[in-house]
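*Asks:* Here you go, sequence then predicted model.
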Amino acid sequence: MTIVTCIFLATLGLIFNPSSAQLSLDFYENSCTPLPDIVHDIMRATLNRNPRMGASILQLFFHDCFVNGCDASILLDDTDFFIGEKSTPPNKDSARGFELIDTIKSEVERFCPETVSCADILALAAREAVALLGGPFFEIGLGRRDSLVASFNSVAGQIPSPSFNLPQLIASFEAKGLDYRDLVILSGAHTIGRARCLRFRNHIYNDTNVDPDFADSVKVLCPINDNDDENLPLDFQTADLFDNLYYVNLINRRALLHSDQELYNYGTPVDRLVELYASDMDAFFGDFADSMVRMSSMNPLTGFRGEIRRDCRRVNFLG
Ligand code: HEM
Ligand SMILES: *[C@@H]1O[C@H](CO)[C@@H](O)[C@H](O)[C@H]1NC(C)=O
């Protein structure tokens, strides 16, 4: 091998080695200065009318990141070439907010055409959702690129199910390089948003670690054979406020989802973390920000991988 070939191959290695590619806080500072303001203003106007949309965007971001990293694959519509992620069990009838991302993307394209990825727009929108609903504001690295494909099958087993027990939940986070602390902290996202009766009926009717008065009140709204798609707040105390009452609910056995109550059930160090966040909102906010940054930077597409989509629903190749 000549020395020139060696240098060439070494350079290729640098360019294509994903671990050498980093997200950066100022990625669009010169190429799209108004980006953070555009996302902030549209999110604020939307949440003023409909606060739940903040929860829906946060969940959308989680479901994007847990399937091949935060690459906006969840935003792709089905095509003749592939069936995407939208119709998979964890997303069907559950993933919401696609039109809002379209609205933000169109406005961003007006100011900075073909510059900002849909993956970064979703990350910024999720960051704004948390802050606008009363949670922490945090800086988030940018420079993610958009996937060229999505696949129905790639979702299987990646997104944890509400019927999971604690070891299964921990395993699903560890598979993404996140630990049990991240699990407890990021589950705190359930301080906002709604879930449908069919996702928690089994917990309310059959589990024994449920406060009986709480169970009774939920059963009224979710009868045994009716109202599958009725939406109830994940945090029944402050449904649209990003606070730490989710953890207080867990201690009182008033979690809506089986998976949530699993985080306070066994007297392990996981319970101690729940108690910490229930009593110390600042600790929760600081750790939530850190865990969000960790989740948002798992395995990003950077450099020459992926593309900057013009339309978040379609890869550029398809027009
Ligand atoms: C730990 C495992 C998790 C499980 C088993 C889980 C499960 C669920 C389920 C079943 C729903 C209701 C879906 C429906 O009824 O359509 C839901 C909603 C939601 N999840 Fe999770 N989730 C988990 C973690 C997370 C994480 C890490 C985040 C974000 C950081 C998150 C954010 C949300 C939000 C904000 C909603 C409400 C969405 C809305 O109101 O539109 N979840 N989750
Ligand atoms: C409660 O458990 C039984 C036995 O596993 C099951 O058949 C039933 O569907 C469960 N009830 C609910 C509301 O999920």
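*Replies:* Nice, thanks for sending it over. Ligands and ions are numbered 1, 2, ... in the order given.
*Asks:* tell me the phi and psi of the residue of the chain found nearest ligand 1?
*Replies:* The chain approaches ligand 1 most closely through residue 193 (2.3 Å), counting by CB to the nearest ligand atom. Where you see a C-beta, it was placed from the backbone N, CA and C, and this is true even at glycine. Phi and psi for residue 193, reported as degrees, to the nearest 10, are phi 90, psi -180.
*Asks:* Just confirm residue 76 contacts residue 316, I think it does.
*Replies:* No - Residue 76 lies out of contact with residue 316 (CB atoms under 8 Å); the separation is 11.7 Å.
*Asks:* Who has more neighbours out of the two?
*Replies:* Between residue 76 and residue 316, residue 76 has the larger neighbour count (other CB atoms under 10 Å), namely 27 against 13.
*Asks:* What sits closest to that one if chain neighbours are left out?
*Replies:* Distance criterion CB to CB, 6 or more residues apart in numbering; nearest residue to residue 76, sequence neighbours excluded, is residue 150 at 4.1 Å.
*Asks:* Can you tell me how far that neighbour is from residue 54?
*Replies:* Per CB to CB, to the nearest Å, residue 150 is found 24 Å from residue 54.
*Asks:* neighbour-wise, which of these two wins?
*Replies:* residue 54 (29 against 26).
*Asks:* Please identify which helix or strand holds that one.
*Replies:* helix 52-65 (DSSP states H and E).
*Asks:* Just the residues contacting that helix, thanks.
*Replies:* Contacts of helix 52-65 with the rest of the structure, by CB atoms under 8 Å, 6 or more residues apart in numbering, involve 43, 46-47, 70-75, 85, 90-91, 94-98, 100-101, 119, 122-123, 125-126, 128-130, 132-133, 159, 176, 186, 189, 192-194, 240, 295-296, 298.
*Asks:* next one: stretch 26-38
*Replies:* Residues from elsewhere that reach stretch 26-38 (CB under 8 Å, 6+ apart): 104, 107, 108, 111, 112, 115, 116, 120, 124, 141, 142, 143.
*Asks:* Mind listing what's buried along that stretch?
*Replies:* Under the neighbour-count criterion of 16 or more other CB atoms under 10 Å, stretch 26-38 has 27, 28, 32, 35, 36, 38 buried.
*Asks:* Equivalent analysis for stretch 179-187, please.
*Replies:* Result for stretch 179-187 [16+ other CB under 10 Å]: buried residues 180, 181, 182, 183, 184, 185, 186, 187.
*Asks:* out of the residues you listed, which are inside helices?
*Replies:* If you go by DSSP state H, the buried residues of stretch 179-187 have 180, 181, 182, 183, 184, 185, 186, 187 in helices.
*Asks:* How about the residues of the stretch 151-300 of the chain by ligand 2?
*Replies:* Counting by CB under 6 Å from any ligand atom, the residues of the stretch 151-300 of the chain close to ligand 2 are 201, 202, 205, 206, 224.
*Asks:* hmm, 5 Å instead?
*Replies:* For the stretch 151-300 of the chain, the residues found near ligand 2 under the criterion CB under 5 Å from any ligand atom are 201, 202, 205, 206.
*Asks:* Can you tell me the SS state at residue 264?
*Replies:* The assignment at residue 264 comes out as coil when based on DSSP: H, G, I helix; E, B strand; the rest coil.
*Asks:* Would you mind measuring the gap between the ends of stretch 244-256?
*Replies:* 15 Å (CA to CA, to the nearest Å).
*Asks:* That stretch close to ligand 1?
*Replies:* No - Stretch 244-256 lies out of reach of ligand 1 by CB under 5 Å from any ligand atom, never closer than 8.5 Å.
*Asks:* Make JSON lines out of the ones in helices among the buried residues of stretch 179-187 and add distance to ligand 1 and pLDDT.
*Replies:* What follows is these, written out as JSON lines (distance: CB to the nearest ligand atom, whole Å; pLDDT from 0 to 100):
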{"residue": "180", "distance to ligand 1": "11", "pLDDT": "98"}
{"residue": "181", "distance to ligand 1": "12", "pLDDT": "98"}
{"residue": "182", "distance to ligand 1": "8", "pLDDT": "98"}
{"residue": "183", "distance to ligand 1": "6", "pLDDT": "98"}
{"residue": "184", "distance to ligand 1": "9", "pLDDT": "98"}
{"residue": "185", "distance to ligand 1": "9", "pLDDT": "98"}
{"residue": "186", "distance to ligand 1": "4", "pLDDT": "98"}
{"residue": "187", "distance to ligand 1": "5", "pLDDT": "98"}
